[in-house]
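A.B. asks: Compute the structure for the input listed below.
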Amino acid sequence: MGCGNHRISDSNDCIVDTLAAIADAQDRVDDRDDKCRTSCDMSIDELVSPTRSRRNPFDTIPVLLTVEGQPFEGVGARRDRNGCGIFDVVRSFLFRVNDVDEKNGCAQLELLELDPCDNGSDDDDDDRLGGRRWAIPVDIVTDFDRFLFRLDNAERVIRSGVCITVDLDDFTSVSCLPPVRTFRN
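C.D. replies: Sure thing, here's the model as predicted:
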């Protein structure tokens, strides 16, 4: 994405401008068209596309962020609804941009959860990660590898309701996934 395509301010902060454009697009969800297939521009324009209909009820552009080239994982907690403890900790590499404070360079990000196509455990993920498609030795599988495998096999994206506030100056890249319809947890 050329940072100027959806620039709201004259700052040179590409991450701030990109996330601000995503937040604005998600807020207004109006009609637009785009021919790009693999960028934040494409995701923004697909979200607000004139072909948006009941068959295409997108409401979120999921984003991945990096800090110095490493995947950024957000951590937060909500009250435990199962009665097993006080908190239900949520960790995620995938976010929804809820708000951007361009003046201060901060954003509120909601941690997104993935609903897999099957009900396998993380141990099953390790077994499948060593299979033909991923071919990662199980002893070096990272949390991000597990996340990518679950992302590749996700049936739904779920809004966790857990939000974090981040300093956008700390990020080095943003990767936009295609728009999705999210579900509430």
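A.B. asks: and residue 180, what does it touch?
C.D. replies: Residues in contact with residue 180 (Cβ atoms under 8 Å, 6 or more residues apart in numbering) are 58-60, 62, 157. For every residue, glycine as well, the C-beta is placed using N, CA and C.
A.B. asks: ok, of those residues, which come out buried?
C.D. replies: 58, 60, 62, 157 (16 or more other Cβ atoms under 10 Å).
A.B. asks: Am I right that the last one sits in a helix?
C.D. replies: It stands for residue 157. No: assessed with DSSP: H, G, I helix; E, B strand; the rest coil, residue 157 is strand; it does not lie in a helix.
A.B. asks: thinking it is in contact with residue 114, fair?
C.D. replies: Yes: applying Cβ atoms under 8 Å as the test, residue 157 and residue 114 come out as touching, 6.4 Å apart.
A.B. asks: Tell me which of the buried ones among the contacts of residue 180 has the lowest pLDDT.
C.D. replies: Among these, residue 58 carries the lowest pLDDT, at 90.
A.B. asks: list the contacts for that one?
C.D. replies: Contact analysis of residue 58 by Cβ under 8 Å, 6+ apart lists 29, 46-47, 52, 179-181.
A.B. asks: now swap in residue 72 and tell me
C.D. replies: 64-66, 93, 171.
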